[in-house]
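Based on what follows, work out the 3D shape:
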Amino acid sequence: MTNRVNAGGERTKNEREDRFAAYFAAKSGAMRATAYLLCGDWHRAEDLVQTAFVKLYLVWHRVGHEEKLDCYTRQVLVRTFLDEKRRGFFRRERPTSEIGDRPLSEPDDHVENRVVLVEALAAVAPRQRAALVLRIWEDLSVEDTAKAMGCSTGTVKSQLARGLATMRSLVPVSSA
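Residues are numbered from 1 along each chain as shown. Sure, this is the predicted structure:
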């Protein structure tokens, strides 16, 4: 097989696979960080990213607009997360705050604050969490967030308001 355009102007399979591999290498880390904020677990985030990229690969031959590819991939990732939460696939495992036999070192304030925020984010309902991550972490517009979540802009705004209220009730205000 050659890496040339065939008579119909289409890319060959090798070129498409090379483009996909390059895209995966460039974007999987950022998508994993987003997935971690959605689910609160690095291993699960890796599974979500893998599932999202498998879904993307299945339609890769139809994907053409490079500038919209990140939005599409993020949308697939968020919908994969929300679908798994609806199905309850991961409810069999129960997270624990215990780490095992090794003692914890004294964290500095920055790390401690991050842990508190991630734990609070994990306690927020999945759709609210998705809205918070996409709107605040990914800095998407309300419209882009709505598109990624598959809902209206009004729903995004209400999910954001409820999610922020929940976060405020869970995160203690320090008097520093």
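
With only the CA atoms kept, save the lowest-mean-pLDDT helix or strand in the chain in CSV.
Across the helices and strands of the chain, mean confidence by mean pLDDT, DSSP states H and E is lowest for helix 109-123: a mean of 79. Output for helix 109-123, consisting of C-alpha atoms alone and laid out as CSV, is shown next (Å, rounded to 0.1, in the frame of the first residue of the first chain):
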residue,chain,number,x,y,z
ASP,A,109,-0.9,24.0,51.2
HIS,A,110,-0.9,23.9,47.4
VAL,A,111,-1.1,20.1,47.2
GLU,A,112,-3.6,20.0,50.1
ASN,A,113,-5.9,22.5,48.4
ARG,A,114,-5.7,20.5,45.1
VAL,A,115,-6.7,17.3,47.0
VAL,A,116,-9.6,19.1,48.7
LEU,A,117,-10.8,20.5,45.4
VAL,A,118,-10.5,17.1,43.5
GLU,A,119,-12.4,15.4,46.4
ALA,A,120,-15.1,18.0,46.3
LEU,A,121,-15.4,17.7,42.5
ALA,A,122,-15.8,14.0,42.8
ALA,A,123,-18.8,14.5,45.1
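
Tell me which stretches of this protein form helices.
Taking DSSP state H as the test, the helices found in the chain are 13-39, 42-58, 66-87, 109-123, 126-132, 142-149, 153-170.

Mind listing what's buried along the last one?
By neighbour count on 16 or more other Cβ atoms under 10 Å, the buried set for helix 153-170 is 156, 159, 160, 162, 163, 164, 166, 167. For glycine as for every other residue, the C-beta is placed from the backbone atoms N, C-alpha and C.

ok and that helix relative to helix 142-149, angle-wise?
With axes from the mean of the first three to the mean of the last three Cα atoms, to 10 degrees applied, the angle from helix 153-170 to helix 142-149 works out at 90 degrees.

any idea how far the closest residue to residue 40 other than its chain neighbours lies from residue 133?
The shortest distance from residue 40 to any non-neighbouring residue, by Cβ to Cβ, 6 or more residues apart in numbering, is to residue 122 (3.7 Å). Distance of residue 122 to residue 133, computed by Cβ to Cβ, to the nearest Å: 11 Å.

Looking at those two, which one has more neighbours?
With neighbours defined as other Cβ atoms under 10 Å, residue 122 and residue 133 compare such that residue 133 has more, 26 against 15.

Give me the nearest residue to that one, chain neighbours excluded.
Of all residues not flanking residue 133 in the chain, residue 37 sits nearest, at 4.5 Å (Cβ to Cβ, 6+ apart).
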